[in-house]
Every structure is written in C-alpha cells, then in structure tokens.
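Novice: based on what follows, work out the 3D shape:
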Amino acid sequence: MNWITKIIKAGEKIKTAIHKRASKEEIANSDWTSCCRGPILKKDLEKNLWVCPDCNKHHRIKPHQRFDILFGKNNYQILKTPIPKDDPLEFVDSKSYKDRLNSARKKTGLDCSMIVATGSINNIQITAVASDFDFLGASIEAAEGEAFLYAAQYSIENKQPLLAVTSGGGMRMQASMISLSQMPRAILAINEIKKNNIPYIVLLTDPTAGGITASYAMVGDIHIAEPSALIAFAGARVIQGTVKEELPEGFQKSEYLQKTGFVDLIVERKDLSERIGTLLSILLKKNSNINSEENETSENNQSLTKAAS
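Specialist: Below is the predicted model:
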C-alpha cells in the first residue's frame, strides 16, 4: 500500500466519522444538546433553567430538576411510595414488559416514572408529584397510580396543597385495564382532596397527553402551563382524520388552550415558584373562609336543633 492509498483511506474514515449520526446514548452522555441555533452546552442551558435563551423553548426536565426549581436545590423531601407487583399480566410483545421495566429502571434510577415530594413554596408546605419522561414516556400503570394516591393521602393527612406536574403519553398499554383503572382512582382521590378544601393545582408541561390529560390533568382548581407545551388527548392526525376538517394551527399548544379556556395561566419556568406561591396563598385564604363559614353554619344549625327540642 503506497502513501496515496493511505491518505485516501484516512480521508474516507474522516468523512464517515463526520457524517455519522450520534446515537441517543452518545448525545445523552455528551456535554452538548441542540436547539434552534444548533448545538448548545448543557451547562449553559442548565443555568437558564433548561430554557433556550434564543427561542425560549422550555426543554423537558427530570423530576429532581423540577423540584430544585420549585422548592430550591435539595430543599425538599422525596417520599417513598408503594410499588405493586411487576407485570401481573405477563405481557410480551417484541420484548417482555419485565425487561422494559428493568431497562427503564436502569436508565433512570427510579422504581416508577412518578416521584412524590414535599417541600415549601412561599413558606407554604405542599405535596408535589412529577414524572420522568425517560421512564417509558412517563406513562401510567399501577405503580404510578399508587404514587398519585399516596400523594393525595399525604396531602390530606398533612393538610398540604397538592401540585401535580403533568408529563407523559397516557396509560401504559402493557398493563391494559390495570393502567386504565388508574384514571378513575386518581379522580376519586382528587375528590377527597376537594372535600377537605385543600387546593389542587395542575402544572401542565410538554408533553401531556392521553389518559393523563383525560384524568388528573383536567380537574385542578387552577391549570398552569409552560409556554408552548403540547397538551392533547389524541394525536393531531387522528383527530383530523376523524372530524375531516382542517385543524387550527397550534391547537394542541398551551397558548391555544388558554384562549379556549382549558389553561388558566401560562407561566415562564423562572416565575413558576413565585406565581404558584401567590396562588396558593389566595386559595388557602379562600378555603379558610369557607371552612369558617361552614363551622359557623354547623354551630347555628346545632343551636336551632337544641332550641327546637
């Protein structure tokens, strides 16, 4: 092999390396990610709370990162939630469901996609739930349902407002009806929260879809969303194919849903903690007045009953 051949072969290797697409694992483990203007250092994005300084895209973040922003770095307590038996249906498609769960746990270090925490916002102690999209798309099955119910129970027992940070693609198909049953279970838990006059706030983040949108994401006292968050039940192509009409541009984005009344407020990530704290102060004062009126009414009724007897 002469020197010309060596140079040609070396050039081909360099060309191949340049045009080779990096794998998801390589991108995840690198110091870079991409946005509107191309590559951006993760540490620069992190300094801006994972919001692009150029296009204002609110990148997806992990539950711990979310809690750091809301409560202050490591200024919260993660609550241990019950984990039911894995894969009772023994579901298998191209890969067994148990293997998928094990892979997701290895990737994220979590037992399930939903994490429950308690911390303080504006000197108000609250319970919060948030999901990790890297855990099977933050889809819901029995373990996530148990986590949500645990959060609701903890909220009631400790008289703490509940904040649900929504993210995920809906119910997990591998668990079939077990997954679907988490929708009414979540609604019943929220009803108990409201019976106790405890505020329930929903923070909609990108993406919130399927059975999550159709259950606990829809029934908050106040619905807050991050800018340009995708909020949907079914995909746009499915809806368009069903109604046979052209859909409005951005009709599944938070800005459009604010116009139609589903979203109450769109709040920048940097302002979330302050805004949620203000809203909680207002709601707690209102609920305190309601409780006082109910107690006064109850006492009056008791007095009338005694007088009548």
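
Novice: give me the secondary structure label for residue 224.
Specialist: The three-state label given to residue 224 by DSSP: H, G, I helix; E, B strand; the rest coil is strand.

Novice: what's the distance between it and residue 157?
Specialist: For residue 224, the distance to residue 157 (Cβ to Cβ, to the nearest Å) stands at 25 Å. In short, each C-beta sits where N, CA and C put it, glycine included.

Novice: just the endpoints, please. Distance across stretch 152-165?
Specialist: 13 Å (Cα to Cα, to the nearest Å).

Novice: report the buried residues of that stretch.
Specialist: Using 16 or more other Cβ atoms under 10 Å as the test for burial, stretch 152-165 gives 152, 154-156, 160-165.

Novice: quick check: mean pLDDT across that stretch?
Specialist: Averaging pLDDT along stretch 152-165 gives 98.

Novice: what lies in contact with that stretch?
Specialist: Residues from elsewhere that reach stretch 152-165 (Cβ atoms under 8 Å, 6 or more residues apart in numbering): 63, 66, 70, 79, 116, 118, 124-131, 148, 151, 189-190, 192-193, 196, 198-203, 205, 216-217, 220, 276, 280, 283-284.

Novice: among these, which ones are buried?
Specialist: Looks like the contacts of stretch 152-165 have 63, 66, 70, 79, 116, 118, 124, 126-131, 148, 151, 189-190, 193, 198-203, 205, 216-217, 220, 276, 280, 283-284 buried, using 16+ other Cβ under 10 Å.

Novice: now, these that are in strands?
Specialist: Using DSSP state E, the members of the buried ones among the contacts of stretch 152-165 that fall within strands are 79, 116, 118, 124, 126-131, 200-203, 205.

Novice: which one of those sits closest to residue 261?
Specialist: Nearest to residue 261 among those: residue 202, at 14.3 Å, using Cβ to Cβ.

Novice: for residue 178, see how far away the nearest residue to the closest one once chain neighbours are set aside is.
Specialist: In this structure, residue 202 finds its nearest non-sequential neighbour in residue 220, 3.4 Å apart by Cβ to Cβ, 6 or more residues apart in numbering. Note on residue 220: its distance to residue 178, by Cβ to Cβ, is 25 Å.

Novice: returning to what we had before: secondary structure and distance to residue 266 added to the buried residues of stretch 152-165, as CSV?
Specialist: Putting the buried residues of stretch 152-165 into CSV (DSSP: H, G, I helix; E, B strand; the rest coil; distance: Cβ to Cβ, whole Å) gives the following:
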residue, secondary structure, distance to residue 266
152, helix, 26
154, helix, 29
155, helix, 25
156, helix, 29
160, coil, 25
161, coil, 21
162, strand, 21
163, strand, 17
164, strand, 17
165, strand, 15
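
Novice: need the max-distance pair from those residues.
Specialist: 156 and 165, at 19.1 Å, using Cβ to Cβ across these.

Novice: and the strands in this structure, which stretches?
Specialist: Using DSSP E, strands in the chain cover 32-35, 38-41, 76-79, 114-121, 124-131, 162-168, 200-208, 222-225, 265-266.

Novice: make TSV out of the ones you listed and add distance to residue 231.
Specialist: Listed next are the strands of the chain as TSV, based on distance: least, Cβ to Cβ, whole Å:
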stretch	distance to residue 231
strand 32-35	21
strand 38-41	26
strand 76-79	26
strand 114-121	18
strand 124-131	14
strand 162-168	8
strand 200-208	5
strand 222-225	7
strand 265-266	11
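
Novice: ok, which of those comes nearest residue 86?
Specialist: If you check each of these against residue 86 by Cβ to Cβ, strand 114-121 wins as the nearest, at 15.4 Å.

Novice: tell me how far the closest one lies from the chain's centre.
Specialist: A distance of 12 Å separates the centroid of the chain from that of strand 114-121, by Cα atoms, centre = their mean, to the nearest Å.

Novice: give me the sheet partners of that strand and which way each runs.
Specialist: Next to strand 114-121 in the sheet, as set by DSSP bridges, lie strand 76-79 (antiparallel), strand 124-131 (antiparallel).

Novice: could you dump stretch 258-274 to PDB, C-alpha only?
Specialist: Taking C-alpha atoms only, stretch 258-274 is exported to PDB below (Å, rounded to 0.1, in the frame of the first residue of the first chain):
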ATOM      1  CA  GLN A 258     -55.500  29.300  27.100                       C
ATOM      2  CA  LYS A 259     -57.700  31.000  24.500                       C
ATOM      3  CA  THR A 260     -60.300  28.200  24.700                       C
ATOM      4  CA  GLY A 261     -60.400  28.100  28.500                       C
ATOM      5  CA  PHE A 262     -58.600  24.900  29.300                       C
ATOM      6  CA  VAL A 263     -55.500  26.600  30.600                       C
ATOM      7  CA  ASP A 264     -55.800  29.500  33.100                       C
ATOM      8  CA  LEU A 265     -52.200  30.800  33.100                       C
ATOM      9  CA  ILE A 266     -49.100  30.400  31.000                       C
ATOM     10  CA  VAL A 267     -46.100  31.000  33.200                       C
ATOM     11  CA  GLU A 268     -42.400  31.100  32.400                       C
ATOM     12  CA  ARG A 269     -40.300  28.400  34.200                       C
ATOM     13  CA  LYS A 270     -38.300  31.100  36.100                       C
ATOM     14  CA  ASP A 271     -41.500  32.600  37.500                       C
ATOM     15  CA  LEU A 272     -43.300  29.300  38.500                       C
ATOM     16  CA  SER A 273     -42.300  29.100  42.100                       C
ATOM     17  CA  GLU A 274     -43.300  32.700  42.900                       C
END
